[in-house]
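Enquirer: Below: sequence and its predicted model.
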Amino acid sequence: ATMLESFPNLRRTTCPYCGVGCGVDAQLSVASDESGKLFQQLISVSGTPEHPANFGRLCVKGSKLAESNTLNNRMLYPSIKGEKVSWDKAIATVASRFTDIIAEHGPDAVAFYVSGQLLTEDYYVANKLMKGYIGSGNIDTNSRLCMSSAVAGYKRAFGADAVPCCYEDLEQTQLLVFTGSNAAWTHPVLYQRIERAKQINPALKVVVIDPRQTATCDLADLHLAIKPGSDAAIFNGLLHYLDSQNALDTDFIQRHTEGFVPCLEEAVQWCLERVSEFSDVPAAQLRQFYQWFMHARRSVTFYSMGVNQSTSGVDKSNAIINCHLATGKIGKPGCGPFSITGQPNAMGGREVGGLANMLAAHMDIENPAHRALVQSFWQSPTIANKPGLKAIDLFDQIHQGKVKAVWIMATNPIVSMPDKDTVAAALKQCDMVVVSDCAASNDTLSFADVCLPATGWSEKNGTVTNSERRISRQRGLLAPAGEARHDWQIICDVAKQMGFSGFDFQSSCDIFNEHAALSGFENNGRRDFDISGLGHLSLRQYDNLAPIQWPITQFSPEGTKRLFTDGRFYTASGKAQFIAIKPELPQQQTDDAFPLILNTGRIRDQWHTMTRTGKVAQLSQHIDKPGLHIHPKDARKYLIKDGQLVKLRGKHQSEQGNEAFCLLTAVLDKKQRRGELFAPMHWNREYASHANVNRLVAAVGDPISGQPELKAAAVAIEPWHVA
Ligand code: SF4
């Protein structure tokens, strides 16, 4: 507080781009408009020196936050079918259409599709409205595309969605295994921390498991260039190897876990030779990795989209967790399976039940006791009694006409979801599409019946939780642009108009207090998500809240760095669960007509669908157009030259009689494996037509998590010749 008071032009907030959750110092100044009216301006940003996520660092994207924070492409007023309307009219229209559709077709005929960009307070009220008042589980989020497999993996193993580690573990470990992560580009500040730790301690070993030789490999002592999707076999093989070398922590297994025998029975079928054949990695390299894991007293496995975005993503994460449980490398400094989220508030959304199968405070929609507890706390008229539709199914049910109204908040599913053409067809024929966003134009907004202007990053005020469970404040720096309102306000306005009580919040602080109270409410010793130790915060305490890691209880008022330090887990028995894993390759495989596998992903300087980073010219200097990375020998085979436009068609679309295609610029790249392609997912129609590569991905997901397989689509390519 003293710091803020003595620097009135400085405001501390959090970066909105990725799950690292870096602290940002925003430099502000006061200016006046033509009429002499004073207003605040954002001048520049820098990393907050004391923030425990970044200690003063920012990556390229984060350092350009001030430049991207312009009114260019901002939605400034509500509209219906393109006509400007008052807020009252917009709210009344949304409330009455939702009410009518629910009355006629039941609560499951409506849905919310929200975003890891929302703050925890926004998420909380959206979830409360849908699950406690409308009475449906139909609220899902773009975090489904990002980390839902990791969530399900944690729940199976630990009994709760609980990340064991903290960022310090990345520096304190002896062996860091990146799998399915190009952290150098996607979580740059964590990568920088690891880079520094390796400089200080050259004995820190880094292994990268990834089909591509990415920028993260610059730090690697060993790179395993696996066949796409073969991660689970690598970790089953590791478990088998450790067992064969008597390198398991039998005491930990006996005292703190269950299910080891069937898990090992599966793993012992994965000898080095079989793993090598399945994963396409030489046995000598596998042995090297396995030996390092065996000899390291401390090791962390850092995983992200490459593991999660898969039809067997949950199994992959459990294959990783199994190895940590079997060696007791969990709940100790420098140890643990560590899933890193993509979106800045994917974790905060999880805490308040932002996924279709969850309730607030990490409770389960399918557990009658949890439902009763949440309903009695809310004193709500109803409570959803079954999980709602997950993202792929949600758009499918809209397409089939079963869901008749959808409210999309702060996301652009036309670009980010797989099989764009089905998503577009669904929205086109949906009775009522509401989009609340800060952007004035994106590929999804063109399908909206009602557009509602929401505040953007520099105007929003609330909390986010990063990948290490750390809650940080995003603070409002500037007045809302135009007529924009906060997401939580818009949701509460609609709820009240629908006749519901329980939405009379005056501030995001009020919502946070209710959320914290629910987390400790009659929790009967549940420790998996409790922030009741923060007490009831005053507005001033809330505004000054310093970054802190949950759980925060009366016994750990300063928060909790690491979970499971006492070897107790959140399952009924208190023991962690081994899960027997049968490794599987991606569901979609190549054939003669579609002979190549397309991996979609991210580049260093763009965020999501470029609605903000695309505004900053400097951020296009690194990579200025959507490239298709292809091995030079494959390029020769398909008569493609470097820099030439390439036409891609997807097997999934072709099977549906859809002639859709993408056009990308060939980048000849020896770091690609033969037969495999890589393309970034960011480009939307504003920056390049026909570059939306997720449209070529099949809408298939993990059977447990529902996370789409965005890393492996069978495609055909040919040179594009302009007629
Ligand atoms: Fe923002 Fe992530 Fe970069 Fe940190 S690493 S500055 S949170 S984009």
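Expert: Here it is on my side, so go on.
Enquirer: how deep is the residue of the stretch 401-550 of the chain found nearest the ligand tucked in, by neighbour count?
Expert: Minimum separation of the stretch 401-550 of the chain from the ligand (CB to the nearest ligand atom) falls at N466, amounting to 7.7 Å. Heads up, the C-betas are built off the backbone N, CA and C, glycines and all. If you count neighbours by other CB atoms under 10 Å, N466 ends up with 31.
Enquirer: I'd assumed G21 was in contact with it.
Expert: Yes. Look at N466 against G21 with CB atoms under 8 Å: they come within range, at 2.6 Å.
Enquirer: Span of stretch 257-274 from start to end?
Expert: One end of stretch 257-274 to the other measures 27 Å (CA to CA, to the nearest Å).
Enquirer: Actually, stretch 596-609.
Expert: End residues of stretch 596-609 are separated by 25 Å (CA to CA).
Enquirer: Is there proximity between that stretch and the ligand?
Expert: No. Using CB under 6 Å from any ligand atom, stretch 596-609 stays clear of the ligand, with a minimum separation of 7.1 Å.
Enquirer: For the residue of the stretch 401-550 of the chain closest to the ligand, give me its contacts.
Expert: Shown in contact with N466 (CB atoms under 8 Å, 6 or more residues apart in numbering): 14, 19-21, 53, 341, 344, 347, 472.
Enquirer: And for M305?
Expert: M305 makes contact with 146, 180-181, 186, 342, 601-602, 710-711 under the criterion CB under 8 Å, 6+ apart.
Enquirer: same thing but 7 Å
Expert: 180, 342, 601 (CB atoms under 7 Å, 6 or more residues apart in numbering).
Enquirer: Least confident of the residues you listed?
Expert: Here the lowest pLDDT out of the contacts of M305 sits on G342, with 85.
Enquirer: Settle this for me: that residue is touching G19, isn't it.
Expert: Yes. Counting by CB atoms under 7 Å, G19 is a contact partner of G342 at 5.8 Å.
Enquirer: Those two: which is more packed in?
Expert: Applying other CB under 10 Å to G342 and G19 shows that G19 carries more neighbours, namely 27 against 24.
Enquirer: For the more buried one, give its distance to the ligand.
Expert: Going from G19 to the ligand by CB to the nearest ligand atom, to the nearest Å gives 7 Å.
Enquirer: Let's verify that residue: helix, strand, or coil?
Expert: coil (DSSP: H, G, I helix; E, B strand; the rest coil).
Enquirer: repeat for A716
Expert: Following three-state DSSP, we place A716 in the strand state.
Enquirer: thinking it is in contact with D591, fair?
Expert: No. At 9.7 Å, A716 does not count as touching D591 under the criterion of CB under 7 Å.
Enquirer: who has more neighbours, the two?
Expert: A716 (20 against 10).
Enquirer: how about the closest residue to the ligand within the chain, what does it touch?
Expert: Residue nearest to the ligand within the chain: G62 (2.4 Å; CB to the nearest ligand atom). Taking CB under 7 Å, 6+ apart, we find G62 in contact with 15, 17, 22, 24.
Enquirer: Let's see if you can find the most crowded of these.
Expert: C15 (29 neighbours).
Enquirer: any weak-confidence spans in the stretch 401-550 of the chain?
Expert: Counting by pLDDT under 70, the stretch 401-550 of the chain shows low-confidence ranges at 523-527.
Enquirer: mind redoing it with 50?
Expert: 524 (pLDDT under 50).
Enquirer: Any chance you could list residues touching both of N466 and G21?
Expert: Jointly contacting N466 and G21 under the rule CB under 7 Å, 6+ apart are 53, 472.
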